[in-house]
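Q: A structural model of the following input is requested.
(one chain, ligands or ions: 1)
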Amino acid sequence: MKEKQSVKELQSYVVNPIVCSVKLDANEGNKDLFKDLVKELGNDFYLNVYPDDNYTDLKKAISDYIGCNVENISVGNGSSELLDLCVKTFVDTNELILSLDPTFSMYSIYAKIVNSRYMETGEGSDFDIDVDEVIESIKKNNPKITIICNPNNPTGTVIKRDKVLEILKSTDEIVIVDEAYMEFGEESVVGEIENYKNLIVVKTLSKAFSMAGIRTGYLLANEELVKTVEKVRPPYNLNSVSAFLATKALEQKDKMLAYVKEVKKEREKVYNALLDMNIKAFPSGANFVFFYSDIKDLEDKLVQEDILIRKFGGKLDNHYRVTIGTKEENNAFIVAMKKIV
Ligand code: PMP
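A: Got it, this is the predicted structure:
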(Lines give C-alpha, C1' and ligand atoms only; values in the text may rest on other atoms or scores of the structure.)
Protein backbone atom coordinates (compact mmCIF):
# COMPACT_ATOMS: atom_id res chain seq x y z
CA MET A 1 0.00 0.00 0.00
CA LYS A 2 1.37 3.37 -1.01
CA GLU A 3 0.82 6.69 0.74
CA LYS A 4 -0.31 9.63 -1.40
CA GLN A 5 2.47 11.57 -3.15
CA SER A 6 2.33 14.58 -0.82
CA VAL A 7 2.76 12.33 2.23
CA LYS A 8 5.58 10.43 0.53
CA GLU A 9 7.47 13.69 0.20
CA LEU A 10 6.63 14.82 3.73
CA GLN A 11 9.42 15.44 6.23
CA SER A 12 7.77 14.76 9.56
CA TYR A 13 8.04 17.03 12.59
CA VAL A 14 10.77 15.57 14.77
CA VAL A 15 10.40 15.66 18.53
CA ASN A 16 13.75 15.37 20.31
CA PRO A 17 13.78 12.07 22.26
CA ILE A 18 16.68 13.11 24.54
CA VAL A 19 15.68 13.35 28.20
CA CYS A 20 17.34 15.95 30.48
CA SER A 21 16.37 17.14 33.96
CA VAL A 22 16.29 20.75 32.75
CA LYS A 23 13.91 20.66 29.79
CA LEU A 24 13.98 23.94 27.90
CA ASP A 25 13.37 22.72 24.36
CA ALA A 26 9.60 22.85 23.80
CA ASN A 27 8.34 26.16 25.27
CA GLU A 28 6.36 24.35 27.92
CA GLY A 29 5.20 26.12 31.06
CA ASN A 30 5.55 25.55 34.77
CA LYS A 31 4.82 22.02 35.98
CA ASP A 32 3.18 23.17 39.22
CA LEU A 33 0.97 26.00 37.95
CA PHE A 34 -2.31 24.07 37.57
CA LYS A 35 -1.21 20.69 38.90
CA ASP A 36 -3.76 20.74 41.73
CA LEU A 37 -6.68 20.82 39.30
CA VAL A 38 -6.27 17.11 38.61
CA LYS A 39 -7.69 16.44 42.10
CA GLU A 40 -10.87 18.30 41.16
CA LEU A 41 -11.83 15.62 38.66
CA GLY A 42 -13.11 13.69 41.69
CA ASN A 43 -15.52 10.79 42.03
CA ASP A 44 -18.37 12.42 40.14
CA PHE A 45 -16.41 12.67 36.93
CA TYR A 46 -17.65 9.95 34.57
CA LEU A 47 -15.60 8.66 31.68
CA ASN A 48 -18.20 6.52 29.92
CA VAL A 49 -20.05 9.33 28.15
CA TYR A 50 -18.86 11.37 25.20
CA PRO A 51 -18.01 15.00 25.97
CA ASP A 52 -20.63 17.74 25.48
CA ASP A 53 -19.97 18.41 21.80
CA ASN A 54 -20.88 22.07 22.24
CA TYR A 55 -18.20 22.37 24.96
CA THR A 56 -20.58 24.73 26.74
CA ASP A 57 -18.63 25.19 29.99
CA LEU A 58 -15.27 25.52 28.28
CA LYS A 59 -16.59 28.04 25.74
CA LYS A 60 -18.17 30.04 28.54
CA ALA A 61 -14.80 30.15 30.35
CA ILE A 62 -13.00 31.14 27.12
CA SER A 63 -15.57 33.84 26.35
CA ASP A 64 -15.11 35.30 29.85
CA TYR A 65 -11.33 35.18 29.52
CA ILE A 66 -11.22 36.71 26.04
CA GLY A 67 -14.28 38.94 26.23
CA CYS A 68 -16.12 37.51 23.22
CA ASN A 69 -19.33 35.53 22.60
CA VAL A 70 -19.45 31.74 22.74
CA GLU A 71 -20.49 31.81 19.07
CA ASN A 72 -17.04 33.19 18.25
CA ILE A 73 -15.28 30.09 19.58
CA SER A 74 -14.33 26.64 18.35
CA VAL A 75 -12.21 24.35 20.54
CA GLY A 76 -9.69 21.72 19.58
CA ASN A 77 -7.17 19.12 20.57
CA GLY A 78 -4.39 21.68 20.87
CA SER A 79 -4.19 24.70 18.62
CA SER A 80 -2.41 22.22 16.32
CA GLU A 81 -5.73 20.60 15.48
CA LEU A 82 -7.37 23.96 14.80
CA LEU A 83 -4.60 25.07 12.45
CA ASP A 84 -4.95 21.77 10.60
CA LEU A 85 -8.75 22.20 10.51
CA CYS A 86 -8.42 25.69 9.02
CA VAL A 87 -6.15 24.41 6.28
CA LYS A 88 -8.60 21.57 5.51
CA THR A 89 -11.52 24.01 5.58
CA PHE A 90 -10.18 26.76 3.35
CA VAL A 91 -7.40 25.41 1.14
CA ASP A 92 -7.64 23.17 -1.93
CA THR A 93 -4.97 21.36 -3.95
CA ASN A 94 -2.41 23.75 -5.43
CA GLU A 95 -3.78 26.78 -3.64
CA LEU A 96 -1.26 28.82 -1.69
CA ILE A 97 -0.57 29.22 2.02
CA LEU A 98 1.75 32.09 2.87
CA SER A 99 3.57 32.58 6.13
CA LEU A 100 6.49 34.36 7.71
CA ASP A 101 10.14 33.57 7.12
CA PRO A 102 11.22 31.80 9.32
CA THR A 103 8.28 30.48 11.34
CA PHE A 104 6.68 27.47 13.05
CA SER A 105 7.49 24.51 10.83
CA MET A 106 4.14 22.73 11.29
CA TYR A 107 2.40 25.19 8.95
CA SER A 108 4.30 23.81 5.97
CA ILE A 109 3.40 20.26 7.02
CA TYR A 110 -0.34 21.01 7.18
CA ALA A 111 -0.01 22.67 3.77
CA LYS A 112 1.79 19.73 2.24
CA ILE A 113 -0.73 17.16 3.50
CA VAL A 114 -3.55 18.81 1.54
CA ASN A 115 -1.33 19.22 -1.54
CA SER A 116 -1.35 22.97 -1.35
CA ARG A 117 1.58 25.23 -2.12
CA TYR A 118 3.44 26.94 0.70
CA MET A 119 5.74 29.95 0.80
CA GLU A 120 7.44 32.04 3.48
CA THR A 121 8.22 35.73 3.18
CA GLY A 122 9.07 38.93 5.02
CA GLU A 123 12.42 38.19 6.61
CA GLY A 124 13.87 41.48 7.77
CA SER A 125 17.25 42.08 9.37
CA ASP A 126 17.88 40.26 12.65
CA PHE A 127 14.65 38.29 12.19
CA ASP A 128 12.55 41.38 12.36
CA ILE A 129 9.50 40.97 10.13
CA ASP A 130 9.32 43.13 7.05
CA VAL A 131 5.57 43.72 7.03
CA ASP A 132 5.69 45.71 3.77
CA GLU A 133 7.25 42.72 2.06
CA VAL A 134 4.59 40.42 3.55
CA ILE A 135 1.86 42.69 2.17
CA GLU A 136 3.53 42.96 -1.22
CA SER A 137 3.82 39.20 -1.33
CA ILE A 138 0.14 38.75 -0.41
CA LYS A 139 -0.90 41.16 -3.17
CA LYS A 140 1.29 39.43 -5.72
CA ASN A 141 0.50 35.80 -4.81
CA ASN A 142 -3.03 36.03 -3.41
CA PRO A 143 -2.71 33.22 -0.83
CA LYS A 144 -5.83 31.36 0.27
CA ILE A 145 -4.55 31.57 3.84
CA THR A 146 -1.90 33.82 5.34
CA ILE A 147 -0.58 32.58 8.70
CA ILE A 148 1.00 35.15 10.98
CA CYS A 149 2.63 33.67 14.05
CA ASN A 150 2.70 36.48 16.61
CA PRO A 151 4.92 36.41 18.65
CA ASN A 152 6.77 34.38 16.08
CA ASN A 153 8.16 30.95 16.85
CA PRO A 154 11.14 30.36 16.83
CA THR A 155 12.45 33.94 16.70
CA GLY A 156 10.29 35.58 19.40
CA THR A 157 9.68 38.59 17.14
CA VAL A 158 6.47 40.53 17.78
CA ILE A 159 4.54 42.36 15.08
CA LYS A 160 2.68 45.42 16.35
CA ARG A 161 -1.09 45.20 16.36
CA ASP A 162 -1.61 47.97 13.80
CA LYS A 163 0.83 46.22 11.45
CA VAL A 164 -1.13 42.96 11.77
CA LEU A 165 -4.26 44.92 10.91
CA GLU A 166 -2.51 46.31 7.82
CA ILE A 167 -1.86 42.73 6.72
CA LEU A 168 -5.52 41.88 7.34
CA LYS A 169 -6.65 44.81 5.24
CA SER A 170 -4.42 43.81 2.34
CA THR A 171 -6.44 40.69 1.47
CA ASP A 172 -10.02 39.38 1.40
CA GLU A 173 -8.78 35.84 1.99
CA ILE A 174 -8.29 34.27 5.41
CA VAL A 175 -5.57 35.55 7.73
CA ILE A 176 -4.84 33.30 10.70
CA VAL A 177 -3.01 34.96 13.55
CA ASP A 178 -1.43 32.25 15.69
CA GLU A 179 -1.24 33.81 19.15
CA ALA A 180 0.05 30.72 20.97
CA TYR A 181 2.53 32.96 22.83
CA MET A 182 0.57 36.23 22.96
CA GLU A 183 0.07 36.19 26.74
CA PHE A 184 3.83 36.90 26.84
CA GLY A 185 3.55 39.63 24.18
CA GLU A 186 1.15 42.56 24.10
CA GLU A 187 -0.17 42.88 20.59
CA SER A 188 -3.23 40.65 20.41
CA VAL A 189 -5.78 41.27 17.67
CA VAL A 190 -8.39 39.12 19.34
CA GLY A 191 -10.55 42.19 19.97
CA GLU A 192 -10.86 42.64 16.20
CA ILE A 193 -12.60 39.38 15.28
CA GLU A 194 -15.93 41.11 14.68
CA ASN A 195 -14.31 43.89 12.66
CA TYR A 196 -12.60 41.71 10.05
CA LYS A 197 -14.52 39.09 8.14
CA ASN A 198 -11.27 37.29 7.24
CA LEU A 199 -9.60 37.13 10.69
CA ILE A 200 -9.08 33.91 12.63
CA VAL A 201 -7.10 33.98 15.88
CA VAL A 202 -5.77 30.69 17.22
CA LYS A 203 -4.75 30.34 20.86
CA THR A 204 -3.71 27.59 23.25
CA LEU A 205 -3.52 26.55 26.89
CA SER A 206 -0.15 24.90 26.23
CA LYS A 207 2.05 27.92 26.92
CA ALA A 208 1.02 30.64 29.43
CA PHE A 209 -1.49 28.29 31.13
CA SER A 210 1.24 25.62 31.28
CA MET A 211 -1.11 22.83 30.21
CA ALA A 212 0.50 21.37 27.07
CA GLY A 213 -0.32 17.89 28.36
CA ILE A 214 -4.08 18.34 28.06
CA ARG A 215 -3.83 19.42 24.40
CA THR A 216 -6.36 22.22 24.48
CA GLY A 217 -6.55 25.05 22.01
CA TYR A 218 -9.24 27.36 20.68
CA LEU A 219 -10.06 29.43 17.66
CA LEU A 220 -11.72 32.83 17.65
CA ALA A 221 -13.43 34.43 14.69
CA ASN A 222 -16.73 35.94 13.58
CA GLU A 223 -19.70 33.59 13.83
CA GLU A 224 -19.85 32.83 10.14
CA LEU A 225 -16.23 31.70 9.98
CA VAL A 226 -16.64 29.63 13.14
CA LYS A 227 -19.67 27.89 11.61
CA THR A 228 -17.63 27.08 8.52
CA VAL A 229 -14.74 25.57 10.49
CA GLU A 230 -17.24 23.67 12.68
CA LYS A 231 -18.45 21.83 9.56
CA VAL A 232 -15.02 20.22 9.29
CA ARG A 233 -14.41 19.64 13.01
CA PRO A 234 -14.81 15.98 14.01
CA PRO A 235 -17.37 15.45 16.80
CA TYR A 236 -16.00 15.22 20.35
CA ASN A 237 -12.55 16.32 19.12
CA LEU A 238 -11.53 17.45 22.60
CA ASN A 239 -11.75 14.87 25.39
CA SER A 240 -13.84 15.55 28.48
CA VAL A 241 -10.93 15.47 30.96
CA SER A 242 -9.09 18.18 29.03
CA ALA A 243 -12.24 20.26 28.59
CA PHE A 244 -12.89 20.09 32.35
CA LEU A 245 -9.32 20.99 33.38
CA ALA A 246 -9.03 23.78 30.80
CA THR A 247 -12.31 25.29 32.04
CA LYS A 248 -11.05 25.31 35.63
CA ALA A 249 -7.70 26.86 34.66
CA LEU A 250 -9.31 29.62 32.59
CA GLU A 251 -11.40 30.51 35.62
CA GLN A 252 -8.15 31.28 37.47
CA LYS A 253 -6.50 33.59 35.01
CA ASP A 254 -4.76 35.60 37.77
CA LYS A 255 -2.57 32.60 38.47
CA MET A 256 -1.55 32.55 34.81
CA LEU A 257 -0.96 36.32 34.76
CA ALA A 258 1.36 36.13 37.78
CA TYR A 259 3.28 33.35 36.06
CA VAL A 260 3.54 35.37 32.83
CA LYS A 261 4.96 38.31 34.80
CA GLU A 262 7.61 36.05 36.28
CA VAL A 263 8.50 34.60 32.86
CA LYS A 264 8.91 38.07 31.35
CA LYS A 265 11.30 39.03 34.14
CA GLU A 266 13.28 35.84 33.72
CA ARG A 267 13.28 36.28 29.94
CA GLU A 268 15.08 39.59 30.28
CA LYS A 269 17.58 37.96 32.63
CA VAL A 270 18.35 35.12 30.19
CA TYR A 271 18.48 37.52 27.22
CA ASN A 272 20.89 39.88 28.98
CA ALA A 273 23.03 37.01 30.26
CA LEU A 274 23.47 35.76 26.69
CA LEU A 275 24.37 39.26 25.46
CA ASP A 276 26.91 39.53 28.31
CA MET A 277 28.51 36.36 26.96
CA ASN A 278 28.79 38.04 23.55
CA ILE A 279 26.15 35.73 22.18
CA LYS A 280 23.80 37.23 19.65
CA ALA A 281 20.39 36.87 21.28
CA PHE A 282 17.24 38.33 19.75
CA PRO A 283 14.60 40.30 21.69
CA SER A 284 11.61 38.10 22.43
CA GLY A 285 7.93 38.62 23.20
CA ALA A 286 7.40 34.94 23.98
CA ASN A 287 8.41 32.42 26.67
CA PHE A 288 11.72 31.67 24.97
CA VAL A 289 14.84 33.37 23.69
CA PHE A 290 16.29 32.72 20.23
CA PHE A 291 20.02 33.10 19.74
CA TYR A 292 22.93 32.51 17.41
CA SER A 293 26.12 30.82 18.46
CA ASP A 294 28.95 29.22 16.50
CA ILE A 295 30.11 27.17 19.48
CA LYS A 296 30.68 23.69 18.10
CA ASP A 297 28.24 21.02 19.36
CA LEU A 298 26.57 23.48 21.75
CA GLU A 299 23.44 21.36 22.07
CA ASP A 300 25.45 18.24 22.99
CA LYS A 301 27.57 20.20 25.45
CA LEU A 302 24.42 21.43 27.20
CA VAL A 303 23.00 17.90 27.22
CA GLN A 304 26.15 16.82 29.06
CA GLU A 305 25.15 19.42 31.67
CA ASP A 306 21.67 17.80 31.77
CA ILE A 307 20.02 20.72 29.92
CA LEU A 308 17.99 20.37 26.76
CA ILE A 309 17.38 23.30 24.40
CA ARG A 310 16.18 23.39 20.78
CA LYS A 311 18.72 23.48 17.96
CA PHE A 312 17.75 24.55 14.45
CA GLY A 313 19.17 23.41 11.15
CA GLY A 314 19.20 24.27 7.47
CA LYS A 315 18.87 28.00 6.95
CA LEU A 316 18.86 28.45 10.74
CA ASP A 317 22.02 26.47 11.35
CA ASN A 318 23.82 27.56 14.54
CA HIS A 319 20.61 29.06 15.87
CA TYR A 320 19.05 27.89 19.12
CA ARG A 321 15.92 28.49 21.13
CA VAL A 322 15.86 28.24 24.91
CA THR A 323 12.57 28.13 26.79
CA ILE A 324 12.25 30.33 29.86
CA GLY A 325 11.84 27.87 32.71
CA THR A 326 11.86 28.33 36.45
CA LYS A 327 14.39 30.65 38.05
CA GLU A 328 16.50 27.62 38.99
CA GLU A 329 16.34 26.14 35.49
CA ASN A 330 17.27 29.45 33.88
CA ASN A 331 20.17 29.87 36.28
CA ALA A 332 21.35 26.34 35.49
CA PHE A 333 21.24 27.23 31.78
CA ILE A 334 23.19 30.46 32.32
CA VAL A 335 25.84 28.74 34.47
CA ALA A 336 26.26 25.94 31.92
CA MET A 337 26.51 28.43 29.04
CA LYS A 338 29.16 30.43 30.87
CA LYS A 339 31.14 27.26 31.44
CA ILE A 340 30.86 26.23 27.78
CA VAL A 341 31.67 29.70 26.44
N1 PMP B 1 1.56 27.47 17.28
C2 PMP B 1 2.81 27.70 17.66
C3 PMP B 1 3.47 28.94 17.19
C4 PMP B 1 3.50 26.80 18.47
O5 PMP B 1 4.77 27.05 18.81
C6 PMP B 1 2.84 25.64 18.90
C7 PMP B 1 3.50 24.60 19.78
N8 PMP B 1 4.82 24.58 19.85
C9 PMP B 1 1.54 25.43 18.48
C10 PMP B 1 0.92 26.37 17.68
C11 PMP B 1 0.78 24.21 18.85
O12 PMP B 1 0.46 24.20 20.18
P13 PMP B 1 -0.65 23.29 20.82
O14 PMP B 1 -1.07 22.28 19.79
O15 PMP B 1 0.00 22.65 21.98
O16 PMP B 1 -1.76 24.19 21.19
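Q: Quick check: chain neighbours aside, which residue is closest to the residue in the stretch 51-200 of the chain positioned nearest to the ligand?
A: Proximity of the stretch 51-200 of the chain to the ligand (CB to the nearest ligand atom) peaks at residue 78, 2.6 Å away. (C-beta placed from N, C-alpha, C; glycine too.) Excluding its sequence neighbours, the residue lying closest to residue 78 (CB to CB, 6 or more residues apart in numbering) is residue 215, at 4.2 Å.
Q: still on that earlier bit, list the residues that contact the residue of the stretch 51-200 of the chain closest to the ligand.
A: By CB atoms under 8 Å, 6 or more residues apart in numbering, the residues touching residue 78 are 204, 206, 215, 216, 217.
Q: Please read off the pLDDT at the residue nearest to residue 78 from the model.
A: Among the per-residue scores, residue 215 shows a pLDDT of 98.
Q: wait, it sits on residue 82?
A: No - counting by CB atoms under 8 Å, residue 215 sits too far from residue 82 to count as a contact (11.1 Å).
Q: more neighbours, these two?
A: residue 82 (26 against 19; other CB atoms under 10 Å).
Q: Within the helices and strands, which one has that one?
A: helix 78-90 (DSSP states H and E).
Q: Show me which residues of that helix are buried.
A: Neighbour-count burial for helix 78-90 flags 78, 79, 80, 81, 82, 83, 84, 85, 86, 87, 89, 90 (criterion: 16 or more other CB atoms under 10 Å).
Q: any idea how far residue 309 is from residue 335?
A: With distances taken as CB to CB, to the nearest Å, residue 309 is found 14 Å from residue 335.
Q: ugh, wrong one, residue 157
A: Separation of residue 157 from residue 335 (CB to CB): 28 Å.
Q: what's the pLDDT at the residue of the stretch 51-200 of the chain closest to the ligand?
A: The model's pLDDT for residue 78 equals 98.
Q: what do you get for residue 1?
A: Confidence at residue 1, expressed as pLDDT, is 82.
Q: ditto for the one 10 residues further on
A: Looking at residue 11, its pLDDT stands at 87.
Q: Just give me the neighbour total for it.
A: As a burial measure, residue 11 scores 9 neighbours (other CB under 10 Å).
Q: Leaving out sequence neighbours, find the closest residue to it.
A: Spatial nearest neighbour of residue 11, chain neighbours left out: residue 109 (7.9 Å); criterion: CB to CB, 6+ apart.
Q: what's the lowest-mean-pLDDT helix or strand in the chain in contact with?
A: For the chain, the helix or strand with the lowest mean confidence is helix 5-8, at a mean of 91 (criterion: mean pLDDT, DSSP states H and E). The contact list for helix 5-8 (CB under 8 Å, 6+ apart) reads 2, 112, 113, 114, 115.
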